[in-house]
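[1] Need coordinates for the below:
(chains A and B)
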Amino acid sequence: MDLINNLALGFGVAFTFQNLLYAFGGAILGTLIGVLPGLGPVATIAMLLPSIYALEATPALIMLAGIYYGAQYGGSTTAILINVPGESSSVVTAIDGYAMARKGRAGPALAAAGLGSFFAGCVGTIIIAAFAPPLTEVAFKFGPAEYFSLMVLGLVGAVVLASGSLVKAIAMILLGLLLGQINTDVISGVPRYSFDIPELTDGIGFVAIAMGVFGFGEIIANLGRPAENREVFTKDVKGLWPTRQDFKDAFPAVLRGTALGSILGVLPGGGALLASFAAYTVEKKMKFRPGEVPFGQGNIRGVAGPESANNAGAQTSFIPMLTLGIPPNAVMALMVGAMTIKGIQPGPQVMTSNPELFWGLIASMWVGNAMLVILNLPLIGIWIKLLTVPYRFLFPAILSFCCIGLYSLNNNNFDVFMAAGFGLVGYVFYKLSCEPAPLLLGFILGPMMEENLRRALLLSRGDWGTFMTRPLSAGLLIAAILMIVVVSLPAIKNKREEAFQDAD
Amino acid sequence: MKIKSQRDFWSGLMFISVGIAFAWGATNYSFGSSARPGPGFFPLGLGVLMALLGATVLFKALTIEVEGGAPVGAFAWKPLVTILAAVVIFGFALPRLGMAMTLPLLIVVASLAGDEFRLREALINSVVLTVGCWVIFIYGLKLTIPLWPVFLGL
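    Predicted coordinates for the structure are as follows:
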């Protein structure tokens, strides 16, 4: 049994003292940033990227992964208790979770979210372990044409499934791709768009964009909004354990959420956010038990379903990154960056060349999920305390960490200035309601896409037909076109808008 | 002609101008041919495509009615300028003054962006965060960040 052997290897790596420590550190940090509004996993991982120079590759990735799924747990806590989703993927959890908290049932809501997430995390881990090796086999058959088509599909998927205007989202991707063109051309060695600034010939730092747009832009936007009076249901968290009826209601929702999240997580552009929206929509459509609380008024299924889905999605979104080296979302893009920093070329060869890293990371996800249940349920009181820290203490701290992270990236203040510039850009995006996440994805994929496009054209002697005559490539492109067509159909379009409107 | 969606109108203009700028810049680099694409090949194509999409957004903004006109709304100038200035000051001062002086500077300036500024709190915050950052980044992670001002010659 290869699977068992591989997992045994993985657990051997994950259970070393050092790696347990980093998984724990990542989980705590993730919960922390999940609880604190205005600081997401993208900005946090970007902030920590410089520090992983000092670490080995495996513990570094284990820690970063811990931050990502830790944030999913932490985000639900604030969503339930103060109706402020700490994470975008917890937006729908806030609807019914907060309603439950108002009725004095914050405990069962938190327990449903935590246990549901744990269950989903376990399933997600097994799915990665089972499906990663066969997918890696397929990936070895990929030539430049297939890689290019796959990236097109990924980028299209990212916008089709995102909220907001489709055309604007595609334009944001293109903007990201164009920003990725500021570099030295890999094939001819010509510096492009550098304006004779030596720092720009290496390209704009990914971290500078991520921190500027997501970190600084977010802080400015938060400060620009009038302070709200938040009602914290701290005293009401007693009796954590759900009733038997709660279990009966929540369990099928957890199963559905996990299944949905696992599938959507693998899709390019998917991941935790989309999974939780889809799960909430599905739960609303399911048949009601007589006497069940309606949605929006504290139905436990509205917490259990989306929370399981977002955690399952967070896990399975590692699959395309680990097997193909293609990040399906912004967090995975950062993980690719982290691997590159550690000298590992992400792609199908990672599994064979770095088996300890590959399987250790997967096993650590299960370990991390188990830690998170312990961190979140019995220790909930500590996290609640954190919610009472006022923002005026918080944002200078976030700013300080970001600035130091930016400086230490290259020991150069150029990245700090770049990030300040992107902070302005990020605020403009916020004002114009242009979603910045697709930009980041485009920026990461841009150079890879260009290289593969030009290689494919070189190989086919300039024949564009190569993308349609190679069956794998054609299939991927057709899938991308179908996605756009389907979403543009009026009936689906309205449904899509309706689904995202629920969150507002 | 009346603008139906302010946000989309300005977004469209932004996409068009950036697309044209990149496409125009790409003409400085060799385009090559389909069989041998040069460094200008990809950015030119992308720039043109983006300008076209920008035009679509702009066209929609002028034709499709949106509830309330989607106004851009007032810019939060105070936090915007203060935060960005704090970051730029940090970038400028760190190599010269070191972390021990630059971080408190960053924190006090940035704190001015909030609605309720209290000097005492900002100073306490500065001390706590500076010591914290020293422990995490210089002592713990051993990053090479200048700690003291250059003129002290430490």
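[2] The closest residue to residue B:130 other than its chain neighbours and residue A:399: what is the separation?
    In space, and not counting its chain neighbours, residue B:130 is closest to residue B:103: 4.5 Å by CB to CB, 6 or more residues apart in numbering or on different chains. Quick note: C-beta positions are derived from backbone N, CA and C, even for glycine. Going from residue B:103 to residue A:399 by CB to CB, to the nearest Å gives 10 Å.
[3] Mind pulling up the pLDDT for the residue nearest to residue B:130?
    Predicted confidence (pLDDT) for residue B:103: 89.
[4] List the contacts of the host helix or strand of it.
    Residue B:103 is part of helix B:99-111, with elements assigned from DSSP states H and E. Contacts with helix B:99-111, where a contact means CB atoms under 8 Å, 6 or more residues apart in numbering or on different chains, come from A:392, A:395-396, A:399-400, A:403-404, B:82-83, B:85-87, B:89-90, B:93-94, B:97, B:117, B:119, B:121-123, B:125-127, B:129-130, B:133-134, B:138, B:145-149.
[5] which residues does the closest residue to chain B within the stretch 101-250 of chain A contact?
    In the stretch 101-250 of chain A, the residue that lies nearest chain B is residue A:224 (2.7 Å; CB to the nearest CB). Listed by CB under 8 Å, 6+ apart, the contact set of residue A:224 reads B:75-76, B:79-80.
[6] would you list those residues in JSON lines and tack on neighbour count?
    What follows is those, written out as JSON lines (neighbours: other CB atoms under 10 Å in any protein chain shown):
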{"residue": "B:75", "neighbour count": "14"}
{"residue": "B:76", "neighbour count": "20"}
{"residue": "B:79", "neighbour count": "23"}
{"residue": "B:80", "neighbour count": "22"}
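[7] Farthest-apart pair in these, please.
    Put simply, by CB to CB the two of those set farthest apart are B:75 and B:79, 9.7 Å from each other.
[8] picking that back up, please list the members of the contacts of residue A:224 that lie in helices.
    B:79-80 (DSSP state H).
[9] could I get the contacts of residue A:224 as TSV with pLDDT?
    Listed next are the contacts of residue A:224 as TSV, based on pLDDT from 0 to 100:
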residue	pLDDT
B:75	77
B:76	79
B:79	83
B:80	87
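[10] packing partners for the lengthiest helix in chain B?
    When chain B is parsed with DSSP H, its longest helix is helix B:41-63. Helix B:41-63 sits against helix A:166-179, helix A:437-459, helix B:6-26, with contacts defined as 3 or more CB pairs under 8 Å, 6 or more residues apart in numbering or on different chains; DSSP states H and E.
[11] For it, buried residues please.
    Neighbour-count burial for helix B:41-63 flags B:41-47, B:49-51, B:53-54, B:56-58, B:60-61 (criterion: 16 or more other CB atoms under 10 Å in any protein chain shown).
[12] Over to stretch A:382-394?
    A:383-384, A:387, A:391-394.
[13] thinking again about what came up before, would you list the helices and strands packed on helix B:41-63 in TSV and tack on mean neighbour count and distance to residue A:487?
    Formatted as TSV, those follow (neighbours: other CB atoms under 10 Å in any protein chain shown; distance: least, CB to CB, whole Å):
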stretch	mean neighbour count	distance to residue A:487
helix A:166-179	25	7
helix A:437-459	23	14
helix B:6-26	20	18
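[14] where does chain A dip in pLDDT?
    Applying pLDDT under 70 to chain A flags residues A:1, A:37-39, A:50, A:84-88, A:160-164, A:226-240, A:267-273, A:387, A:490-504.
[15] That one: strands as residue ranges?
    Along chain A, no stretch is classed among the strands by DSSP state E.
[16] Next, the contact list for the residue nearest to the spatial centre of it, please.
    Nearest to the mean C-alpha position of chain A, by CA atoms, centre = their mean, lies residue A:331 at 4.6 Å. Applying CB under 8 Å, 6+ apart, we find residue A:331 in contact with A:41-42, A:45, A:68, A:271, A:317.
[17] same check, this time on residue A:447
    Neighbour list for residue A:447: A:180-181, A:183, A:186, A:203 [criterion: CB under 8 Å, 6+ apart].
[18] repeat for residue B:137
    So residue B:137 contacts A:51, A:404, A:408, B:143, B:145 (CB under 8 Å, 6+ apart).
[19] Nearest to residue B:3 among those?
    residue A:404 (42.9 Å).
[20] Thought residue B:133 was touching that closest one, still the case?
    Yes - here residue A:404 reaches residue B:133: they are 5.9 Å apart, a contact under CB atoms under 8 Å.
[21] So for those two, which sits in the more crowded spot?
    With neighbours defined as other CB atoms under 10 Å in any protein chain shown, residue A:404 and residue B:133 compare such that residue A:404 has more, 27 against 21.
[22] related to what we said a few turns ago, return the subset of the buried residues of stretch A:382-394 lying in helices.
    Those of the buried residues of stretch A:382-394 mapping onto helices are A:383-384, A:387, A:391-394, per DSSP H.
[23] just checking: which of these also lie near chain B?
    Among those, proximity to chain B is found for A:391-393 (CB under 8 Å from any CB of the partner chain).
[24] follow-up on the earlier one: give me the buried subset of the contacts of residue A:447.
    Taking 16+ other CB under 10 Å as the criterion, what is buried in those is A:180-181, A:183, A:203.
[25] Check the residues you listed one by one and keep those near chain B.
    Near chain B, judged by CB under 8 Å from any CB, the entries from the buried ones among the contacts of residue A:447 are residue A:181.
[26] circling back to that earlier point, so which of the contacts of helix B:99-111 are in helices?
    A:392, A:395-396, A:399-400, A:403-404, B:82-83, B:85-87, B:89-90, B:93-94, B:97, B:119, B:121-123, B:125-127, B:129-130, B:133.
[27] gap between the residue nearest the centre of chain B and chain A?
    Residue closest to the mean C-alpha point of chain B, counted by CA atoms, centre = their mean, is residue B:84 at 8.2 Å. To chain A, residue B:84 is 5 Å away according to CB to the nearest CB, to the nearest Å.
[28] Name the nearest residue to that residue, ignoring sequence neighbours.
    Once flanking residues are discounted, residue B:84 sits nearest to residue A:420: 5.0 Å by CB to CB, 6+ apart.
[29] Now do the same contact list for residue 129.
    Chain wasn't specified; assuming chain A. Residue A:129 sits in contact with A:3, A:6-7, A:10, A:359, A:362, where contact means CB under 8 Å, 6+ apart.
[30] oops, chain B please
    Contacts for residue B:129 (CB under 8 Å, 6+ apart) come out as A:396-397, A:400, B:103, B:107.
[31] what stretches of chain B score poorly on pLDDT?
    B:1, B:67-69, B:141, B:153-154.
[32] Domain map for it?
    B:6-69, B:77-152 (automatic domain parsing).
[33] how many other residues sit next to residue A:193?
    Neighbours around residue A:193, by other CB under 10 Å: 21.
[34] gap between stretch B:56-64 and the chain center?
    With CA atoms, centre = their mean, to the nearest Å as the basis, stretch B:56-64 stands 27 Å off its chain's centre.
[35] ok, now stretch A:363-373?
    Worked out by CA atoms, centre = their mean, stretch A:363-373 lies 17 Å from the chain centre.
[36] Only the buried residues of it, if you could.
    Across stretch A:363-373, burial judged by 16+ other CB under 10 Å covers A:363-369, A:371-373.
[37] out of these, who's nearest residue A:211?
    Nearest to residue A:211 among these is residue A:368, at 24.6 Å by CB to CB.
[38] what sits against that closest one?
    Residue A:368 makes contact with A:23-24, A:26-27, A:62, A:65-66, A:69-70, A:121, according to CB under 8 Å, 6+ apart.
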